[in-house]
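Engineer: Sequence and predicted structure below; questions after.
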Amino acid sequence: MRFSRFGVFILLLLTVSFGSSCGYYNRVMARKNLVDGSKAYKDRKFKDAEQLFRDAVARDPKGEYVEGRTAQLFLARTLHSEYIGNRSDKDKANEAIAEYQKVLAQDPNDQSSYKAIASLYENLQMTDQWLDWVTKRSQNTNLPPEQRAEALTSLAAKKNSCANDITDTEQTKKKVTKEGKQVYQYVKPAKPEDYETLKKCIEEGTQLIDQAVALETDQVRSATSLNPKTMSDADLKKSLDYLKVYESARSYKTSLLFQASFLAEMDGRTADHDNLKKQGDEAKAKFIELSDVVKKLQAEIDDRAAAAEADKSGNSNAKANAAK
């Protein structure tokens, strides 16, 4: 005999109503809100999903139970999705930020909520708020090192872009012929203020990315020894996400070293230029080494997903043939 989903829900509701406290009743109702809200979200009925998640949050506003904490996160994501669907509705974006902050108050390590807030600040062009938000994240020593490294890399990336906006122009990047080959030669920008900005961005970016790279762990340094074929699905995903953080850090470390070498060339500091270029080449090799590991992990994940899909299709075809 099969029970309908509603019948099972009523049975569970009656059980906890007669046998337990009001807290259990609220948890059961919150679970129903979560189930119905998730379906509404999947069907892109965001207004309905928003209300259902609000109802679930109201049953556990302090996030004492997993249902309340889950509802808080789902509410934030729903508001975020509503903003993405209508970017003129900035109030919805600010509301999403407030709800994500409540999630982080319950779980400071929730990296997805931290990044969602950073993304919303960028979309809203709230530069000062973005900078303050990411800087505080980078300085929070209570967080795992990879989370701080990711924040530091985000800050360094802005400085790298600032430098690149000045060095990668026709005014500063000249094509010249040396030893029969065309190469780029870097010259100072015409405006002194641009030159000072370039120096400052490279200096600050280098300080930030050095802090990020310094947070590398033995797991990162020994990543080349990983064998994706022998890893579980969960370990594959976990390692991929972890190593991507430091892959990005190594990438910006490389770029900022080259930016520093361009500046040295502008200043006529030949020895410094050569030394910085050598360091840049070495950093690039380390980046490529880690990037290759990341690619292998991703390839294994993709291969397993493709195999699972093929197996699923094969089983479906077999069942269809058997039914004929």
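Structural biologist: Thanks, I have it.

Engineer: Leaving aside the residues adjacent along the chain, what's closest to Ile301?
Structural biologist: Leaving out its chain neighbours, the residue that sits closest to Ile301 by C-beta to C-beta, 6 or more residues apart in numbering is Leu236, at 5.5 Å. No exception for glycine: its C-beta is placed from N, CA and C like everyone else's.

Engineer: Tell me which other helices or strands the helix or strand hosting the one you found touches.
Structural biologist: Here Leu236, judged by DSSP states H and E, is contained in helix 233-267. On a contact count with 3 or more C-beta pairs under 8 Å, 6 or more residues apart in numbering; DSSP states H and E, helix 233-267 meets helix 145-167, strand 181-186, helix 192-214, helix 218-221, helix 270-323.

Engineer: From the contact counts, what lies against the last one?
Structural biologist: Using 3+ C-beta pairs under 8 Å, 6+ apart as the contact test, the elements touching helix 270-323 are helix 233-267.

Engineer: residues of the helix it packs on that come out buried?
Structural biologist: Judged by neighbour count (16 or more other C-beta atoms under 10 Å), helix 233-267 contains these buried residues: 236, 239-240, 242-266.

Engineer: try stretch 44-63
Structural biologist: By 16+ other C-beta under 10 Å, the buried positions in stretch 44-63 come out as 46, 48-57, 59-60, 63.

Engineer: Can you add secondary structure, distance to Lys158 and pLDDT and give those residues back as a markdown table?
Structural biologist: What follows is these, written out as a markdown table (DSSP: H, G, I helix; E, B strand; the rest coil; distance: C-beta to C-beta, whole Å; pLDDT from 0 to 100):
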| residue | secondary structure | distance to Lys158 | pLDDT |
| --- | --- | --- | --- |
| Phe46 | helix | 32 | 96 |
| Asp48 | helix | 39 | 97 |
| Ala49 | helix | 34 | 96 |
| Glu50 | helix | 33 | 97 |
| Gln51 | helix | 38 | 97 |
| Leu52 | helix | 38 | 97 |
| Phe53 | helix | 33 | 96 |
| Arg54 | helix | 35 | 97 |
| Asp55 | helix | 40 | 96 |
| Ala56 | helix | 37 | 95 |
| Val57 | helix | 34 | 96 |
| Arg59 | helix | 41 | 94 |
| Asp60 | coil | 38 | 93 |
| Gly63 | coil | 33 | 92 |
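
Engineer: Please report the distance of the residue most central in space within the chain from Thr172.
Structural biologist: Centroid-nearest residue in the chain, with C-alpha atoms, centre = their mean: Lys115, separated by 5.7 Å. Separation of Lys115 from Thr172 (C-beta to C-beta, to the nearest Å) stands at 33 Å.

Engineer: same deal with Glu122?
Structural biologist: 27 Å.

Engineer: ok so, going back, what is the rounded mean pLDDT of the helix holding Leu236?
Structural biologist: Mean per-residue pLDDT for helix 233-267: 98.

Engineer: Check stretch 198-209 too.
Structural biologist: 98.

Engineer: got it, and stretch 66-78?
Structural biologist: The average of the pLDDT scores along stretch 66-78 is 96.

Engineer: what does that stretch rub up against?
Structural biologist: For stretch 66-78, the external contacting residues (C-beta atoms under 8 Å, 6 or more residues apart in numbering) are 27, 30-31, 33-34, 37-38, 41, 46, 49-50, 53-54, 56-57, 59-63, 96, 99-100, 102-103, 106-107, 110, 113, 116.

Engineer: same check, this time on stretch 130-147
Structural biologist: 108-109, 111, 114, 117-118, 121-122, 148, 151-152, 154-155, 208, 211, 215, 217, 242, 245-246.

Engineer: rerun at 7 Å
Structural biologist: Stretch 130-147 has contacts (C-beta atoms under 7 Å, 6 or more residues apart in numbering) with 108-109, 111, 114, 117-118, 121-122, 148, 151-152, 154-155, 215, 217, 242, 245.

Engineer: Sort out which residues of it are buried, please.
Structural biologist: Under the neighbour-count rule (16+ other C-beta under 10 Å), stretch 130-147 has Trp130, Trp133, Val134, Arg137, Ser138, Leu143, Pro145, Glu146, Gln147 buried.

Engineer: Okay, now the unreliable bits of the stretch 1-150 of the chain?
Structural biologist: 1-22 (pLDDT under 70).

Engineer: No further questions, thank you.
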